[in-house]
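S.K.: 3D model of this:
(one chain, ligands or ions: 1)
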Amino acid sequence: MQRGTFQWMKSINKTIVLNKIRMSGPISRAQIAKETNLTPPTVSSIVKELLHEHFVVESQQGQSSGGRKPTMLVLNHQGFYVLGVDVGPVKIRTVLTDLNGNVLFSHSSYLPAYVTNKSLLDLLKTEISNMLKNAADSTGKLLGIGIGMHGVVDHKHGSSLFAPSLNLRNIPIKEELEHYFQVTVRVENDARAMALGETWFVSDQNDSGTVVTVNVGNGIGAGIVVDGKLLHGEHNLAGEIGHMSIDLGGSKCTCGNFGCLQTLASGMAIKERAMKELTMGKESYINEIVDGDLDRIEARTVYQAACHGDSLSIDLLTNTGIYLGIGITNLIHLLNPNKIIISGGISNAKDFLLPSIKETVAARALTVQAKNTEIVASRLGEYSAAIGSVVLILSDMFSAELVEC
Ligand SMILES: [Zn+2]
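M.R.: Here you go, the predicted structure:
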């Protein structure tokens, strides 16, 4: 793999041509001019530049409408890599993709119980270096590194302002990693990175209106995309729905408040409720899965038991769906989105959660239209935030649309 600072000289017209080739390739120069309303000489000169930079390659000859067969252009998707990292409260997930965002390699590892700013940055350097070894023999270039960090992120400076689950503040992620790896690094809140990924790969590109992606893992956060643009808010707090107060007398949250949605409906909350029920002596198939060792219970254990027909686990997930439904109803009343996507680790349990989420929203939302708000589970799976982090880099190159507002 070739390394070194990569500078993408972006212009609107270049972005339009590159994106046209990405979306419609193989495509001829004449067809690009026709579909983008750019003049043929402009298209020719931009294509020459893209060929020189190896972003585009000439492919087979296309159909002729009489004269010489036109040369077709395709994206050189194997010539470049993008690395995406999801830094959750418990795990770091890393993916290496090609220029189309296809995942070539993925890896996840647990964070140690105690981390400092320095040890977290060291860990990121190790994880990223290990992932890059997969492409060491290739001639492809690393285009950039996208980081989806949980908690409050200053996306402009690429730093983590506050990661409550790790109790860390002011981590200069972009500065450190750009210095170390000598490539472009972009940092975004994990739920926002996820929302970007959902918009980029999954949603209809013409999606207008408001789409909210709710990330439910060990924490809860939301990424809000309005008319194709990520919403950050004045101080990067937009979408922090995990810390929406739901129960005034509830248990203490990592943020210091009490009864946050996160204390009731996150993966951590599911795990803690399961441990409490079993400690009280309730019968459950969970006992068999963990061999009686309650410390081994995780949210996924509850899901496994629910799939086995365990009624305690099914009830636990149904209740979690009710709490999520209450949080989502608040979200609907605040933003009135046209679509809500449930993402993160918990989306695996969609068959148990979605019905009670939808029932709760139907029972509580104000109008018939609000009750019928489209709520779906993510199709990007466990690595959705890491894949979304790749899009932080790809959207810089391909999209004049997906920028912050
Ligand atoms: Zn909280």
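S.K.: hey, let's count contacts and neighbours off CA atoms from now on
M.R.: Fine.
S.K.: SS state for residue 84?
M.R.: strand (DSSP: H, G, I helix; E, B strand; the rest coil).
S.K.: For beta bridges, what are the partners of it?
M.R.: The partner list for residue 84 in beta bridges (DSSP bridges) reads residue 95, residue 146.
S.K.: Surely it and residue 101 touch.
M.R.: No. Checked against C-alpha atoms under 8 Å, the pair residue 84 and residue 101 is beyond contact range at 9.9 Å.
S.K.: Just checking: what are the partner strands of the helix or strand of the chain with the lowest mean pLDDT?
M.R.: Of all helical and strand segments in the chain, the minimum by mean pLDDT, DSSP states H and E falls on strand 56-61, at a mean of 84. Using DSSP bridges, strand 56-61 pairs in its sheet with strand 71-75 (antiparallel).
S.K.: which other residues reach the partner strand?
M.R.: 18, 21-22, 25-29, 55-62 (C-alpha atoms under 8 Å, 6 or more residues apart in numbering).
S.K.: Pull out the buried residues from these.
M.R.: 18, 21-22, 25-29, 55-59 (16 or more other C-alpha atoms under 10 Å).
S.K.: Near the ion, which residues of the stretch 201-350 of the chain are found?
M.R.: By C-alpha under 5 Å from the ion, the residues of the stretch 201-350 of the chain that approach the ion are 243, 253, 255, 260.
S.K.: how's this protein carved up into domains?
M.R.: 12-75, 79-198+385-398, 203-382 (automatic domain parsing).
S.K.: Just confirm yes or no for stretch 161-172 near the ion.
M.R.: No. Against the ion, stretch 161-172 shows no contacts by C-alpha under 5 Å from the ion, the least distance being 8.6 Å.
S.K.: Extract the CA atoms of that stretch and return them as CSV.
M.R.: Taking C-alpha atoms only, stretch 161-172 is exported to CSV below (Å, rounded to 0.1, in the frame of the first residue of the first chain):
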residue,chain,number,x,y,z
LEU,A,161,-14.9,16.8,23.7
PHE,A,162,-16.5,14.3,26.1
ALA,A,163,-16.8,10.5,26.1
PRO,A,164,-19.0,9.9,29.2
SER,A,165,-18.7,6.1,29.1
LEU,A,166,-14.9,6.3,29.2
ASN,A,167,-14.9,9.5,31.3
LEU,A,168,-12.5,11.1,28.9
ARG,A,169,-12.4,14.7,27.6
ASN,A,170,-10.6,16.7,24.9
ILE,A,171,-8.9,13.9,22.9
PRO,A,172,-7.1,15.4,19.8
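S.K.: now what about it, what contacts it?
M.R.: With C-alpha under 8 Å, 6+ apart, stretch 161-172 has contacts from 89, 114-117, 150-154, 158-160, 219, 254-255.
S.K.: can you count the residues close to the residue of the chain found nearest the ion?
M.R.: For the chain and the ion, the shortest gap (C-alpha to the ion) falls at residue 243, measuring 3.8 Å. If you count neighbours by other C-alpha atoms under 10 Å, residue 243 ends up with 21.
S.K.: With residue 385 instead?
M.R.: For residue 385, the neighbour count with other C-alpha under 10 Å is 36.
S.K.: Over to residue 73?
M.R.: 24.
S.K.: what's the closest non-adjacent residue to it?
M.R.: Nearest residue to residue 73 in three dimensions, chain neighbours excluded: residue 58, at 4.7 Å (C-alpha to C-alpha, 6 or more residues apart in numbering).
S.K.: Report the contact partners of that neighbour.
M.R.: Here residue 58 is in contact with 71, 72, 73, 74 (C-alpha under 8 Å, 6+ apart).
S.K.: distance of it from residue 184?
M.R.: Distance from residue 58 to residue 184, counting by C-alpha to C-alpha, to the nearest Å: 27 Å.
S.K.: next one: residue 148
M.R.: 14 Å.
S.K.: higher neighbour count, the two?
M.R.: Counted by other C-alpha under 10 Å, residue 148 and residue 184 do not tie: residue 148 has more neighbours, with 31 against 21.
S.K.: Phi, psi for residue 246 please.
M.R.: As for residue 246, its main-chain torsions (degrees, to the nearest 10) stand at phi -110, psi -40.
S.K.: oh, and call the first residue 45 from now on, that's how I've got it
M.R.: Shifting the count to begin at 45 puts that one at residue 290.
S.K.: How about the contacts made by it?
M.R.: Contacts of residue 290 by C-alpha under 8 Å, 6+ apart are 303, 304, 305, 371.
S.K.: hang on, the earlier thing: common neighbours of residue 128 and residue 145, please.
M.R.: In contact with both residue 128 and residue 145: 431, 434, using C-alpha under 8 Å, 6+ apart.
S.K.: Tell me which of those two has more neighbours.
M.R.: Higher neighbour count among residue 128 and residue 145: residue 128, with 35 against 22, using other C-alpha under 10 Å.
S.K.: pLDDT score for that one?
M.R.: At residue 128, the predicted lDDT confidence score is 98.
S.K.: Compute the distance between it and residue 111, please.
M.R.: Distance from residue 128 to residue 111, by C-alpha to C-alpha: 45 Å.
S.K.: got it, and residue 118?
M.R.: From residue 118 to residue 111 the distance is 22 Å (C-alpha to C-alpha).
S.K.: which non-adjacent residue is nearest residue 59?
M.R.: In space, residue 59 is closest to residue 442, 5.4 Å off (C-alpha to C-alpha, 6+ apart).
S.K.: The one you found: what's it in contact with?
M.R.: 59, 60, 62, 63.
S.K.: which SSE is the first one in?
M.R.: Think residue 59. Remark: residue 59 resides in helix 56-68, with elements defined by DSSP states H and E.
S.K.: Pull up the pairing partners for the following helix or strand past that helix, direction included.
M.R.: The element immediately downstream of helix 56-68 (helix or strand, assigned by DSSP H and E) is strand 71-72. Its sheet considered, strand 71-72 pairs with strand 115-119 (antiparallel) by DSSP bridges.
S.K.: Quick one: low-confidence residue ranges for the protein.
M.R.: 45-54, 105-110, 246-251, 444-449 (pLDDT under 70).
S.K.: Buried residues, the helix or strand harbouring residue 213. List them.
M.R.: Per DSSP H and E, residue 213 falls inside strand 212-215. Within strand 212-215, the residues scored as buried using 16+ other C-alpha under 10 Å are 212, 213, 215.
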